[in-house]
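Q: The sequence and its predicted three-dimensional model are supplied below.
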Amino acid sequence: MKYVDEYRHAEPARQLAELIRRTVTRPWSIMEICGGQTHAIVRFALDEMLPPQIHLIHGPGCPVCVTPIEIIDKAVAIAARPEVTFCSFGDMLRVPGSHKDLLTVKSEGGDVRVVYSPMDAVTLARKHPERQVVFFAIGFETTAPPNAMAVAQAARLGLENFSVLVSHVLVPPAIEAVLSSPSNRVQGFLAAGHVCAVMGLDQYRPLAEKYRVPIVVTGFEPLDILQGVYLCVKQLEEGRAEVENQYARTVRAAGNPAAMRQIDAVFQAVDRKWRGIGPIARSGLGLRDAYARFDAETRFDVADLQADEPAECRAGEVLQGQIKPRDCPCFGLRCTPERPLGAPMVSAEGACAAYYRYRRQGLQE
Amino acid sequence: MCLGVPGQLVEVFQRDELPMGRVDFGGVRKEICLAYTPEAAVGDYVLVHVGFALSVIDAQEAQEIFSYLEAINQAGEELGLEPPEAVP
């Protein structure tokens, strides 16, 4: 596939690894924010191509992973209602809530459906006026424009049987939470390319300046990630702390203004709780008052539901880069993709799932 | 969820007042909303997330990394540097 295959060739990857090796003079810790990048790093063993001084820390950029357990409980409560058709991206179905996951609700007769796009849920609501169609609107800034459009379209069409359970989160507040933590070890960031395709680079400049860290906007293919690491290491070695764009084929400095306008029309910044990390001020998106009638939490009266995180799962430490998945005593034993204790083992962007899928042999090391 | 997929726009049309398109992903074709990439034309490659094109891929920028590596290679040869070691 064009724009995928050519970025997976071994020879240019070796050249980039060699460039990094020639540039690095001392140890550096670099965090890749996005779980999609974590998966590429583990899958293509990019970390093993790097010189030993470069330590990659996996970041919290997995929307499924950071969704707090009480939101899953709210989804389960809503999906179990007989009048509800509950629509979600596939990743969310296996994430364990306090008592069950959405897949269990489905097996018990709940009308739970996997959709490819939020617009599919709008179409369902239009086709089935007798059903209450609820869409599970989660994700970072990449899914915010599609989800905002779904709500706006439902409003335009006057759909009264459509609502959204919103758990949107934002990347820059998460970077700031990592950087301001007293135990922070991260010296440079690979920012999530697709998030920046929407939001542009501006939000990252104050962070690079305030915390004196290079932030390199990076793509998702092996050559992208290696080049992102190279640019980041080069900045660190030269004592620079700038926002740089490795992924210019997709990311414009100004982002996507039409998408940003639509997000701003439907959503506003709200405080959000992150699984394993806790509450972060203004770190998410919630519906604006003009669209509050589409809020599934109030429509189905689940807004006050509270829940505690499972004690055994060490997702919080994994998500903050404090431990690697294999350092968790449950990894691969009591926690597997079939029977996950926590979300990072479920999601296609979760660090635990990446290590389980590609690095299980490491258990015998 | 943030895993965008590049595909080629093969057709554009309107539905329910929204600009839509058909995008080819290596042989699999899907209907995609083009509301956020109104500039996309048939033949362009777009980056698609959950049914929406979020960016038009810049063909020239896409070549940059390869031109850069080639330039480094040439410079290396002129300086008599060893080619990069093979990494297992």
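A: Yep, that arrived. Numbers count the residues shown, from 1 in each chain, chains lettered A, B, ... in the order given.
Q: Give me the contacts around the helix or strand bottoming out on mean pLDDT in chain B.
A: Counting by mean pLDDT, DSSP states H and E, the weakest-scoring helix or strand in chain B turns out to be helix B:59-79, with a mean of 86. Where contact means CB atoms under 8 Å, 6 or more residues apart in numbering or on different chains, the residues beyond helix B:59-79 that reach it are A:3, A:6-7, A:12, A:15-16, A:19, A:223-224, A:227, A:248-249, B:45, B:83. (Each C-beta comes from the backbone N, C-alpha and C, glycine too.)
Q: Show me what residue of chain B gets nearest to chain A.
A: The shortest separation between chain B and chain A is 2.6 Å, found at B:Gly51 (distances taken as CB to the nearest CB).
Q: residues from chain B in reach of chain A?
A: Listed as neighbours of chain A in chain B under the rule CB under 8 Å from any CB of the partner chain: B:1-4, B:6, B:8, B:16-18, B:25-26, B:30, B:33, B:35-38, B:45, B:47, B:49-52, B:54-55, B:57-59, B:61-62, B:64-66, B:69, B:72-73, B:84-87.
Q: Please, a ChimeraX command that selects the buried ones among those?
A: Remark: buried members of the residues of chain B next to chain A, expressed as a ChimeraX selection using 16 or more other CB atoms under 10 Å in any protein chain shown:
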select /B:1,2,3,4,6,8,33,35,36,37,45,47,49,50,51,52,54,55,57,58,62,65,69,72,84
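Q: immediately after the strand ranked longest in chain A, which helix or strand?
A: What stands out as the longest strand in chain A, according to DSSP state E, is strand A:278-287. Following strand A:278-287 in sequence order, the next helix or strand is helix A:296-299 (DSSP states H and E).
Q: tell me the average confidence for the next helix-or-strand element following that next one?
A: The C-terminal neighbour of helix A:296-299 among helices and strands, as given by DSSP H and E, is helix A:315-319. Over the span of helix A:315-319, the pLDDT mean works out to 84.
Q: With only the CA atoms kept, save helix A:315-319 in CSV.
A: Taking only C-alpha atoms (Å, rounded to 0.1, in the frame of the first residue of the first chain), the coordinates of helix A:315-319 have been written out as CSV:
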residue,chain,number,x,y,z
ALA,A,315,-1.8,0.1,34.2
GLY,A,316,-1.1,3.5,35.8
GLU,A,317,2.6,2.8,36.0
VAL,A,318,2.7,1.4,32.5
LEU,A,319,0.8,4.4,31.1
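Q: any idea how far chain B is from the residue nearest the centre of chain A?
A: Among the residues of chain A, the smallest C-alpha distance to the mean C-alpha position (CA atoms, centre = their mean) belongs to A:Cys62, namely 2.7 Å. To chain B, A:Cys62 is 8 Å away according to CB to the nearest CB, to the nearest Å.
Q: ditto for A:Phe44
A: In this structure, A:Phe44 lies at 12 Å from chain B, with CB to the nearest CB as the measure.
Q: ok, now A:Gly109?
A: Counting by CB to the nearest CB - A:Gly109 and chain B are separated by 27 Å.
Q: just A:Val166 next, same as before
A: Summarising the geometry, the distance separating A:Val166 from chain B, computed by CB to the nearest CB, is 14 Å.
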